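In: Turn this into a model:
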Amino acid sequence: MRVEQVRTAAGTYTVHVDGDDPRLPFAVFLHGGPGLNSYAERCLLGGRFTSAANFLWFDHLGCGDFVPAAPGPLTWREQVDDIAFVIRRFTREPVHVVGHCLGTELTHDLVRRDRDLVRSVLWYAPTRWPGEILRALPLRAAAENRLAVDTLPDESRAALDRFRGMAARDFGAADVRPFLGLAAQIRDLWDLYWTDRTALQRYVGWMAAQPFSMQTFVDLIEDFFERGPLPLPDYTGIPVHMLYGDDDPVSTWDVQGRELAESIPHATAAPIAGGGHWTHFQRPDECVRRTLEVLVARV
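Out: Coordinates of the predicted model:
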């Protein structure tokens, strides 16, 4: 991969350009998070899609190897604008968008912002409303005795009770910090996301090189929830495909993906047997094969 620096008003992005074939379209990978980065995905999947597209890998606003221009709060809109800016730095043609988890929401905003930017969409572990994921995690932890409920501080117990009683779409910006207070007390938090311990340990090893940014998570997820759920953008004329693990304990297909798929009538979806929330880490070969099929079919 060659590496280029792209500067925006917010800061500098290190973009890893995976492929250099002028006959092929570009694709961009939108990692989950916020607060995460694309380093582990790049290590695992780099070089595996270049027969179908020139892939752009970079860490989003405030994540990984992004270097801010100045200290200050981060906004969700700024993140979306910067992703579009980075893409346009390399091509004026529409790009394939491949996103994981909250990359679904970033894709929605790219389409709202500039639908001509997007050639096709492929989501791994798609999310319909991420608030339901955050609400459900501490409830599941309590049910599995990963939270010592009886010894929780009063404010944490109050947050847990609120999460039990709220509707999925009611999770908002004011619930982010109570969620983090609960998450900090969950035993083996990562085990709620992963069903394959070997894949988890490999991922954790990669993450040690570019750790999770809690401040980025707080800034961007609060800003995202402040605006609340939005209607889906119009995906007419944009092919949409979804890959989901049939063993995903977080963004479960029945709760998250199915409703999203039904809201986009032409969308197609396929399960990955044995795949978890990080389907592409737990079943990388199958995920790569299906991704190439989608990219080649939709060039």
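In: Stretch 270-289: end-to-end distance?
Out: Stretch 270-289 stretches 12 Å from its first residue to its last (C-alpha to C-alpha, to the nearest Å).
In: Check the average confidence over it, would you?
Out: Averaging pLDDT along stretch 270-289 yields 94.
In: can you list contacts of it?
Out: For stretch 270-289, the surrounding residues in contact (C-beta atoms under 8 Å, 6 or more residues apart in numbering) are 40-41, 44-45, 48-49, 100-101, 124-125, 193-196, 199, 202-203, 241-251, 253, 290. (Each C-beta comes from the backbone N, C-alpha and C, glycine too.)
In: Would you confirm that Arg187 contacts Leu147?
Out: Yes: assessed by C-beta atoms under 8 Å, Arg187 is found in contact with Leu147 at 7.4 Å.
In: on that earlier part again, from the contacts of stretch 270-289, which land in helices?
Out: Counting by DSSP state H, those place 40-41, 44-45, 199, 202-203, 290 in helices.
In: re earlier: please identify every residue contacting each of Arg187 and Leu147.
Out: Ala141.
In: which one of those two has more residues nearby?
Out: More neighbours surround Leu147 than the other of Arg187 and Leu147, with 22 against 12 (other C-beta atoms under 10 Å).
In: Break down the stretch 1-150 of the chain into its helices, ranges please.
Out: Per DSSP state H, counting those that start in this stretch, the stretch 1-150 of the chain carries helices over the ranges 39-45, 76-90, 103-113, 130-143.
In: right, so of those helices, which gets closest to Val6?
Out: Smallest distance to Val6 across the helices of the stretch 1-150 of the chain (C-beta to C-beta): 5.0 Å, for helix 76-90.
In: where does this protein dip in pLDDT?
Out: Counting by pLDDT under 70, the chain shows low-confidence ranges at 298-299.
In: Quick check: Leu243 touching Leu122?
Out: Yes: shown here, Leu243 and Leu122 form a contact pair, counting by C-beta under 8 Å, at 7.0 Å.
In: what residues are shared contacts of the two?
Out: Thr291.
In: What lies in contact with stretch 249-259?
Out: Residues contacting stretch 249-259 (C-beta under 8 Å, 6+ apart): 101, 125-129, 132-133, 136-137, 140, 192-193, 195, 242, 244, 246, 269, 271, 276-277.
In: And it, how far out from the chain middle?
Out: 14 Å (C-alpha atoms, centre = their mean, to the nearest Å).
In: And for stretch 139-156?
Out: On the basis of C-alpha atoms, centre = their mean, stretch 139-156 sits 26 Å off its chain's mean C-alpha point.
In: Hmm, Ala40 and Met207 touching each other?
Out: Yes: checked against C-beta under 8 Å, the pair Met207 and Ala40 is within contact range at 6.1 Å.
In: who's in contact with the residue nearest to Asn54 when sequence neighbours are not counted?
Out: Leaving aside its chain neighbours, Asn54 sits nearest to Gly19 (3.8 Å; criterion: C-beta to C-beta, 6 or more residues apart in numbering). Going by C-beta under 8 Å, 6+ apart, Gly19 touches 49-50, 53-55.
In: at 6 Å what do you get?
Out: 50, 54-55 (C-beta atoms under 6 Å, 6 or more residues apart in numbering).
In: With Thr195 instead?
Out: By C-beta under 6 Å, 6+ apart, the contact set of Thr195 is 247, 276.
In: Quick check: phi and psi on it?
Out: Thr195 adopts backbone torsions of phi -110, psi 0, taken as degrees, to the nearest 10.
In: okay, now Pro249: neighbour count?
Out: Pro249, neighbours per other C-beta under 10 Å, totals 16.
In: Relative to His100, how far out is Gly275?
Out: Gly275 sits 12 Å away from His100, going by C-beta to C-beta, to the nearest Å.
In: And the strands in the stretch 51-200 of the chain, which stretches?
Out: With DSSP state E, counting those that start in this stretch as the criterion, the stretch 51-200 of the chain has strands at 54-57, 67-68, 95-100, 118-124.
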